[in-house]
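> Attaching a predicted model along with its sequence, questions to come.
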Protein chains: 2
Amino acid sequence: MKATYMYGAGDVRVATADDPVIKEPTDAIVRIVRACVCGSDLHRYHSMPATPDGRSMGHEAIAVVEETGAGVHGVKPGDFAVVPFLWQDNTCVFCREGLQSSCLHGGGYGGAEVPVLQAEYARIPQADGSLVPVPGIDPATAGEGTLSSLLALSDVYLTGYHAAHMGQVSPGATVAVIGDGAVGLSAVLASRQLGAERIILLGHHDVRTDLGVEWGATDVVSERGDQAVAKVLELTGGEGTPIVLEAVGHMPAYEQAYSIVRPGGIISRVGVPQYEKAPVGYGSLFGKNARLAGGPAPVRAYLEDAIPQVLDGQINPGRVFDLALPLDKAPEAYRAMDSREALKVALIP
Amino acid sequence: MKATYMYGAGDVRVATADDPVIKEPTDAIVRIVRACVCGSDLHRYHSMPATPDGRSMGHEAIAVVEETGAGVHGVKPGDFAVVPFLWQDNTCVFCREGLQSSCLHGGGYGGAEVPVLQAEYARIPQADGSLVPVPGIDPATAGEGTLSSLLALSDVYLTGYHAAHMGQVSPGATVAVIGDGAVGLSAVLASRQLGAERIILLGHHDVRTDLGVEWGATDVVSERGDQAVAKVLELTGGEGTPIVLEAVGHMPAYEQAYSIVRPGGIISRVGVPQYEKAPVGYGSLFGKNARLAGGPAPVRAYLEDAIPQVLDGQINPGRVFDLALPLDKAPEAYRAMDSREALKVALIP
């Protein structure tokens, strides 16, 4: 089969790989219907050291089940399913609490043992927990909009939703969203779903912030750095916003976050931090009793509510996909996202 | 009058100072009945650069009102009151939300403009918001235990309470408290008040952890560093504790906190951080969706509930005071706390 590998910063290639096979009775093999490139893949695209054997890529997909191991009972060959970006048994103590991202028997796609999803086929560990069937959808006949929105539930929209959920967005809330990438825009849509009344979107790209406004942003701050901070403070009577959703992962975004959060407020991060240490002392978080939350989204916890919202047209998170390319063109997909020509690219095997 | 000054690390002296006078119509002048030395004073005691003019010290007291400015209506001369460690108008937008530590017109004792409380007299800004009268108590006849417990409400107990409150301690909770200083022990007492079922206290000093056990600690971990982390994980089935209250402020305590917090759990800090940057990335907080909360306690928000709890004997937070010295002996008070001969020292002018 064909699969996507990264060999170092800026070096993505589609290569031939062995077809995946069942290794554990809890595995399934799926045929990928749509995969896509994630903002977190771009972090590697910028900084990955050269790796002669390459690293297999991709953790978002919708797929059709081809084969199941003897221990799989929740899905069967022919089922169409959303593939959450982390795999989990969905039965352990953390899964039962809705924190599937900390599943005791779960993990992330990638590495030598787990083939990944920017490919024609993939092995899905813990298939009963890691595939969420969508009955009634035939990918051969479903509309492209429906497929895109279901694909967005694999990671990007529900990562934005996780930001809003961990930020405790509730009806009437005032929220700032840092970042107009696909996750930031998803955080806007999710905040509006959760009833936020005022949503201040920090972003510089009109075509993106326009979608943000369509999805519920009431204010767009296109200034950068300290000027953006000043603008948010001006918009909030000098107080800052009680909820800040940080959807970037770079230090300047975090610095903006603690600068605009209102005393007693909460910063919820879902951009994978490209730093380990950051300011949290008296001058940043502590002095004003600001709180810090967020992490990898337990997509599985939110999927069962989100799928019907997509199917009945209540939300259309797939609109973040503004380009679709055949899997062969994965290198072009990375390039287009990196150069910001595309917001998010779907890959069609 | 006599007042306490620090001239550099390890150098505390009692000197003669001008008697404080009303400067603003919202001021009051109080006679200090009891003051005390705070763990945060010890941070300065370890590291303050030499300062020829000295820095006036102290931010905790119970006091009797001597004189009030023309704009003060909530207290009158002769009133006995608890003095919260921050001053505030108690009417601004943040005060009304219970975040008096971010009062728009408030501040902290210390510096050239605001005399401080390890002294015979003090000027209290925003007296209506910054003095909480305790009717029916005459300090000349009240029991020493009652006075000590009211003094503890000025900062130490309600700082421990703030840790528990921001850590969302609720009935049945499992909590770890890092630090067996007076704030840590207060956090144990407050956690028990809020219904915690299991309280794991990390501390090395038997006489202190014994008081912690009396106040509700169910487990004492006397190991240090990584061994303490291993012990807490062992006590919690490998998962860690859902709530960690960090009552120290040094980096090793913070490192313990993120190492023992359960995925999805919360770290609440009230030890004033002696660092600005700290790990918050994938390997510490983000990867396990751990949350970070805490800051300076809005003591004023909690005082009105806590005073009756002291007066009816429900709590006895003054037991953290194991030494009382005349104000003249303030240098000895600092030395005794720094050497851990005393847990917390009251100063009697």
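It's in. Numbers count the residues shown, from 1 in each chain, chains lettered A, B, ... in the order given.

> How is chain A partitioned into domains?
Under the assignment automatic domain parsing, the domains of chain A span A:2-155+A:298-348, A:160-294.

> Quick one: closest of those domains to residue B:128.
For the domains of chain A, the distance to residue B:128 is smallest for domain A:160-294, at 21.4 Å, taking C-beta to C-beta. C-beta here means a position set from N, CA and C on the backbone, and glycine is covered the same way.

> So what's the residue count around residue A:98?
Applying other C-beta atoms under 10 Å in any protein chain shown, we find 13 residues neighbouring residue A:98.

> Test my guess that it contacts residue A:303.
No. Counting by C-beta atoms under 8 Å, no contact exists between residue A:98 and residue A:303, whose distance comes to 11.4 Å.

> what number of residues lie near residue A:274?
17.

> Just the residues contacting the strand or helix carrying residue A:6, thanks.
With elements taken from DSSP states H and E, the one containing residue A:6 is strand A:2-8. Applying C-beta atoms under 8 Å, 6 or more residues apart in numbering or on different chains, the set of residues contacting strand A:2-8 from outside is A:12-17, A:41, A:44-45, A:48-52, A:54-58, A:115-116, A:118-120, A:327-328, A:330, A:347, A:349.

> ok, 6 Å please
With C-beta atoms under 6 Å, 6 or more residues apart in numbering or on different chains as the test, strand A:2-8 has contacts from A:12-15, A:17, A:48, A:50-51, A:54-58, A:118-120, A:327, A:330.

> From those, which land in strands?
If you go by DSSP state E, the contacts of strand A:2-8 have A:12, A:13, A:14, A:15, A:55, A:56 in strands.

> ok, how many other residues are close to the closest residue to residue A:16 other than its chain neighbours?
Once its chain neighbours are removed from consideration, residue A:16 has its nearest residue in residue A:2; the separation is 6.4 Å (C-beta to C-beta, 6 or more residues apart in numbering or on different chains). The criterion is other C-beta under 10 Å. On that basis, residue A:2 has 16 neighbouring residues.

> What of the one 5 residues further on?
With neighbours defined by other C-beta under 10 Å, the count for residue A:7 comes to 16.

> Please apply the same query to the one 5 residues further on.
By other C-beta under 10 Å, 26 other residues sit near residue A:12.

> Name whatever forms a beta bridge with residue A:119.
Here residue A:119 sits in beta bridges with residue A:3, as judged by DSSP bridges.

> which stretch of helix or strand covers the nearest residue to residue A:280 once chain neighbours are set aside?
Nearest-residue entry for residue A:280: residue B:278, 5.0 Å, with adjacent residues in sequence omitted and distances by C-beta to C-beta, 6+ apart. Element membership for residue B:278, per DSSP H and E: strand B:277-279.

> Give the rounded mean pLDDT of that strand.
The predicted model assigns strand B:277-279 a mean pLDDT of 98.

> How about stretch A:299-315?
Stretch A:299-315 comes out with an average pLDDT of 97.

> rewinding a little: now, of the contacts of strand A:2-8, which are buried?
Applying a neighbour-count criterion of 16 or more other C-beta atoms under 10 Å in any protein chain shown, the buried members of the contacts of strand A:2-8 are A:12, A:14, A:17, A:48, A:54-58, A:118-119, A:327, A:330.

> Identify, from these, the entry nearest to chain B.
Ranking the buried ones among the contacts of strand A:2-8 by separation from chain B, with C-beta to the nearest C-beta as the measure, puts residue A:48 on top at 15.8 Å.

> follow-up on the earlier one: ok, how many other residues are close to the residue nearest to residue A:280?
Neighbour count for residue B:278, taken as other C-beta under 10 Å: 23.

> Ok, residue A:173 next?
A count of neighbours around residue A:173, defined by other C-beta under 10 Å, yields 19.

> what's it in contact with, if anything?
Taking C-beta under 6 Å, 6+ apart, one finds A:196, A:243 in contact with residue A:173.

> just the strands in the stretch 1-150 of chain A please.
According to DSSP state E, counting those that start in this stretch, the stretch 1-150 of chain A carries its strands in the segments A:2-8, A:11-16, A:28-36, A:55-56, A:61-68, A:80-83, A:86-87, A:107-108, A:121-124, A:132-133.

> Can I get those in TSV including mean pLDDT?
Compiled in TSV, the strands of the stretch 1-150 of chain A are given as follows (pLDDT from 0 to 100):
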stretch	mean pLDDT
strand A:2-8	95
strand A:11-16	96
strand A:28-36	98
strand A:55-56	92
strand A:61-68	98
strand A:80-83	98
strand A:86-87	96
strand A:107-108	92
strand A:121-124	96
strand A:132-133	98
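
> now for the ones in strands among the contacts of strand A:2-8, which pair is the farthest apart?
A:14 and A:55 (13.6 Å).

> In which helix or strand does residue A:308 reside?
When secondary structure is defined by DSSP H and E, residue A:308 falls within helix A:299-311.

> Render the CA-only coordinates of that helix in PDB, please.
This file holds the C-alpha atoms of helix A:299-311, laid out as PDB (Å, rounded to 0.1, in the frame of the first residue of the first chain):
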ATOM      1  CA  VAL A 299     -12.000  12.900  21.300                       C
ATOM      2  CA  ARG A 300     -13.700   9.600  22.000                       C
ATOM      3  CA  ALA A 301     -15.600  11.200  25.000                       C
ATOM      4  CA  TYR A 302     -17.200  13.800  22.800                       C
ATOM      5  CA  LEU A 303     -17.800  11.800  19.500                       C
ATOM      6  CA  GLU A 304     -21.100  10.300  20.300                       C
ATOM      7  CA  ASP A 305     -22.700  13.700  20.900                       C
ATOM      8  CA  ALA A 306     -20.900  15.300  18.000                       C
ATOM      9  CA  ILE A 307     -21.700  12.800  15.200                       C
ATOM     10  CA  PRO A 308     -25.500  13.500  15.300                       C
ATOM     11  CA  GLN A 309     -24.800  17.200  15.400                       C
ATOM     12  CA  VAL A 310     -22.900  16.800  12.100                       C
ATOM     13  CA  LEU A 311     -25.500  14.400  10.600                       C
END
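
> got the residues of the stretch 1-150 of chain A near chain B?
By C-beta under 6 Å from any C-beta of the partner chain, the part of the stretch 1-150 of chain A that sits against chain B consists of A:94, A:99, A:102.

> Going by distance to chain B, which of those wins?
Using C-beta to the nearest C-beta, residue A:102 is the member of the residues of the stretch 1-150 of chain A next to chain B that sits closest to chain B, with 3.7 Å.

> can you tell me which residues contact the closest one?
Applying C-beta under 6 Å, 6+ apart, the residues contacting residue A:102 are A:94, B:263, B:288.

> Run through the residues that contact the residue nearest to the last one when sequence neighbours are not counted.
Nearest-residue entry for residue B:288: residue B:263, 3.9 Å, with adjacent residues in sequence omitted and distances by C-beta to C-beta, 6+ apart. Residues touching residue B:263, when contacts are defined by C-beta under 6 Å, 6+ apart, comprise A:94, A:99, A:102, B:288.

> Which of those sits closest to residue B:166?
residue B:288 (19.0 Å).

> how close does that closest one get to residue B:266?
Counting by C-beta to C-beta, to the nearest Å, the gap between residue B:288 and residue B:266 amounts to 11 Å.

> I'd like the mean pLDDT over stretch A:216-224, please.
The predicted model assigns stretch A:216-224 a mean pLDDT of 97.

> try stretch A:334-344
When the per-residue pLDDT values of stretch A:334-344 are averaged, the result is 96.

> How about stretch A:134-153?
Mean pLDDT, stretch A:134-153: 97.

> repeat for stretch A:162-173
Averaged over stretch A:162-173, pLDDT sits at 98.

> How about residue A:44: what's its closest non-neighbour residue?
Spatially, and ignoring its direct neighbours in sequence, residue A:44 is nearest to residue A:6 (6.1 Å; C-beta to C-beta, 6+ apart).

> and that neighbour, how many neighbours?
Here the count is done by other C-beta under 10 Å, and residue A:6 has 23 residues near it.
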